[in-house]
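Undergrad: Pasting a predicted model and its sequence here:
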2 protein chains.
Amino acid sequence: MEFQVTFRVNDKIYLRDPESSEVGKQIVKNAIDLMYELGFEHFTFKKLAIAIHCTEATIYRYFENKHRLLLYILNWYWCYMEFLVMFKLQNVTDTPEKLKTVVHLLTHELPESSGQFDYNKKFLNQIVIAESSKVYLVKEVNEINKNEVFKPYKDLCAQIARIISEYQPDYLYSKSLSSTLIETAHHQQFFSMYLPKLTDVSVENQAEFTSLFLENLLFNVLR
Amino acid sequence: MEFQVTFRVNDKIYLRDPESSEVGKQIVKNAIDLMYELGFEHFTFKKLAIAIHCTEATIYRYFENKHRLLLYILNWYWCYMEFLVMFKLQNVTDTPEKLKTVVHLLTHELPESSGQFDYNKKFLNQIVIAESSKVYLVKEVNEINKNEVFKPYKDLCAQIARIISEYQPDYLYSKSLSSTLIETAHHQQFFSMYLPKLTDVSVENQAEFTSLFLENLLFNVLR
DNA sequence: TCATAAATAATAGTAATACTATCAAAAATA
DNA sequence: TATTTTTGATAGTATTACTATTATTTATGA
């Protein structure tokens, strides 16, 4: 059985829906590749335009600026992650098992979704790890937040918080623990790659380090 | 008794020691004020030059770019924080008390240090919360790391990890828990201010929320 | 079918940012 | 006193982030 999952990303993020045209799709796909390669700071619309053989003005027609484009990519990621959590927890009744699944999803590359036009999941994962905090750690956070552009993040956070509450109903900080889980998944992965002295990673457990740490943390905090 | 604490910041961070001249001191002091006001992205050397009535070139003589200037400010913060932890734990023998002190330090404004030429601690605290991750979440992280510019962060992390190990010697992730503590202190404070739905903050516990959450987390993870 | 309107991309700008090179004055040293 | 070094000021350039205008294509409807 083949099926395809698509997400309606909040239309306040873009000026024109990138899903509505071929160039639009190319913009998002190539933005992920180029942002992975250059990092958010060195990524520019000019460079993206050259990569997809169009002009800067064309990209500006779809996105106000590169911050909005990153926000679009992350919204897509948060929506996909929420879907994956929901999907993978179908028919799982064991609550510890649910939490383990969540940790695994947060600390591993996204599975390839079918569909001829797909984003590079390895690159997307690295962008989430290294760049995601840059969308809210800005002076304009209140202004941006008004358009509900962080709703998918809040939804994902609330979804995980519900599983935490299910596991331990009297735990007082389910949402903070949930957001800590998400954020820690990112920075522990980043640290274990680039600043390993800030972690307890070793050569042997490189790949599984973050999920081991988070599982241990979670099951010690709770119960 | 009056005393003053100063820190030798790694000289790879600056081109010319800002402590060595009056303009240099003005650059750092006013950078903190202006970076707080504008946020790192909108902060420029031009604007800083106007604020202290000098030229851009003067500032470039001290710091290669604004990233280095932020790194200098954070190095100062990390050194000061390590000093404070050491200082406040003098004569404290009770290990749980030590951990509580660390959490309190990480989640509250820095105390004013004496000295006629002092940085604005309220502003510095907000910069640490909102901008600190931007110094390492860059493509050049490996290159930058070679000059040991993150050493004060690693030292602070190791210092807290030692207290964790003292409390529970067989805990496997003392350094990761330590860096998670530091990072979580930042983003939970940020979230409770700007994106409260990602936390369990309430109107009543606004000020103490992050320390309550972290204390609870820490004492449940350990033992 | 053809005229007209609307949508789109390309061209060509501008203002601001992130630097660099040069120069002149002041300070330090020999 | 002469000479070197350090300093800040001036005046640039390349890139970035965006905008306005124009040309072309596409859609619509009489």
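TA: Okay, I see it.
Undergrad: How about the secondary structure of the residue of chain A positioned farthest from its centre?
TA: In chain A, residue A:170 marks the outermost C-alpha relative to the chain mean, sitting 28.8 Å out by Cα atoms, centre = their mean. Look at residue A:170: counting by DSSP: H, G, I helix; E, B strand; the rest coil, its state is coil.
Undergrad: Next one: it from residue A:222, what distance?
TA: 10 Å (Cβ to Cβ, to the nearest Å). Yep, even glycine has a C-beta here, placed from its N, CA and C like the rest.
Undergrad: which ones are touching the residue farthest from the centre of chain A?
TA: By Cβ atoms under 8 Å, 6 or more residues apart in numbering or on different chains, the contact set of residue A:170 is empty.
Undergrad: residue contacts, residue A:124?
TA: Contacts of residue A:124 (Cβ under 8 Å, 6+ apart): A:32, A:36, A:73, A:77, A:110.
Undergrad: same thing but 10 Å
TA: Going by Cβ atoms under 10 Å, 6 or more residues apart in numbering or on different chains, residue A:124 touches A:32-33, A:35-36, A:73-74, A:76-77, A:80, A:109-110, A:118.
Undergrad: What residues does chain A have near DNA strand C?
TA: A:16, A:20-21, A:23, A:54-58, A:61 (Cβ under 7 Å from any atom of the strand).
Undergrad: Recalculate using a threshold of 6 Å.
TA: Proximity of chain A to DNA strand C, by Cβ under 6 Å from any atom of the strand, involves residues A:21, A:23, A:54-58, A:61.
Undergrad: which one of those sits closest to residue B:11?
TA: residue A:56 (40.5 Å; Cβ to Cβ).
Undergrad: quick one: the most centrally placed residue in chain A and chain B, what's the gap?
TA: In chain A, the C-alpha nearest the mean C-alpha coordinate belongs to residue A:77, at 4.2 Å (Cα atoms, centre = their mean). Distance of residue A:77 to chain B, given as Cβ to the nearest Cβ, to the nearest Å: 16 Å.
Undergrad: Skipping adjacent residues, who's closest to that residue in space?
TA: Setting aside the residues directly before and after it, residue A:77 is nearest to residue A:128 in space (Cβ to Cβ, 6 or more residues apart in numbering or on different chains), at 5.5 Å.
Undergrad: residues in contact with the one you found?
TA: For residue A:128, the contacting residues are A:73-74, A:77-78, A:81, A:106, A:110, A:182, A:185-186, A:189, by Cβ under 10 Å, 6+ apart.
Undergrad: can you pull the pLDDT of it?
TA: Note on residue A:128: pLDDT of 98.
Undergrad: Check residue A:37 too.
TA: You'll see residue A:37 listed with a pLDDT of 96.
Undergrad: From the contact counts, what lies against the helix or strand where it lies?
TA: Using DSSP states H and E, residue A:37 falls within helix A:22-38. Contact partners of helix A:22-38 among helices and strands, from 3 or more Cβ pairs under 10 Å, 6 or more residues apart in numbering or on different chains; DSSP states H and E: helix A:45-51, helix A:56-62, helix A:66-88, helix A:121-131.
Undergrad: Can you name the residues in contact with stretch A:54-65?
TA: Residues outside stretch A:54-65 that contact it (Cβ under 10 Å, 6+ apart) are A:13-18, A:20-21, A:23-24, A:26-28, A:30-31, A:44-50, A:52, A:66, A:68-72.
Undergrad: about what we covered before: mind picking the two most distant members of the residues of chain A next to DNA strand C?
TA: Pairwise distances among the residues of chain A next to DNA strand C were taken by Cβ to Cβ; the largest, 16.7 Å, belongs to A:21 and A:56.
Undergrad: still on that earlier bit, assess the claim that the residue nearest to the centre of chain A and residue A:153 are in contact.
TA: Yes - counting by Cβ atoms under 10 Å, residue A:77 does reach residue A:153; the two are 9.3 Å apart.
Undergrad: Name the residues contacting each of those two.
TA: Residues touching both residue A:77 and residue A:153 (Cβ under 10 Å, 6+ apart) are residue A:132.
Undergrad: sorry, back to before: please pick the buried ones from the contacts of residue A:128.
TA: Buried members of the contacts of residue A:128, scored by 16 or more other Cβ atoms under 10 Å in any protein chain shown, are A:73-74, A:77-78, A:81, A:106, A:110, A:182, A:185-186, A:189.
Undergrad: From DNA strand C, how far off is the closest residue to DNA strand D within chain A?
TA: Nearest residue of chain A to DNA strand D (Cβ to the nearest atom of the strand) works out as residue A:65 at 3.0 Å. Going from residue A:65 to DNA strand C by Cβ to the nearest atom of the strand, to the nearest Å gives 13 Å.
Undergrad: swap in residue A:142?
TA: Look at residue A:142 and DNA strand C: by Cβ to the nearest atom of the strand, they are 21 Å apart.
Undergrad: and if you look at residue A:173?
TA: From residue A:173 to DNA strand C the distance is 38 Å (Cβ to the nearest atom of the strand).
Undergrad: One more: residue A:178?
TA: Distance, residue A:178 to DNA strand C, by Cβ to the nearest atom of the strand: 34 Å.
Undergrad: Find the helix or strand that that residue is a member of.
TA: helix A:174-194.
Undergrad: what separates that helix from the chain centre, distance-wise?
TA: With Cα atoms, centre = their mean, to the nearest Å as the basis, helix A:174-194 stands 12 Å off its chain's centre.
Undergrad: can you check stretch A:71-90 too?
TA: 8 Å.
Undergrad: buried sites along stretch A:81-99?
TA: Neighbour counts using 16+ other Cβ under 10 Å place A:81-82, A:84-85, A:89, A:98-99 of stretch A:81-99 among the buried residues.
Undergrad: Could you do stretch A:172-189 as well?
TA: Residues of stretch A:172-189 classed as buried: A:173-189 (neighbour count, 16+ other Cβ under 10 Å).
Undergrad: Torsion angles phi and psi at residue A:136?
TA: phi -110, psi -20 (degrees, to the nearest 10).
Undergrad: Isn't it up against residue B:194?
TA: Yes - if you go by Cβ under 10 Å, residue A:136 and residue B:194 touch, sitting 7.2 Å apart.
Undergrad: Show me the common contact partners of the two, please.
TA: Overlap of the contact sets of residue A:136 and residue B:194 (by Cβ under 10 Å, 6+ apart) consists of A:144-145, A:150, B:130.
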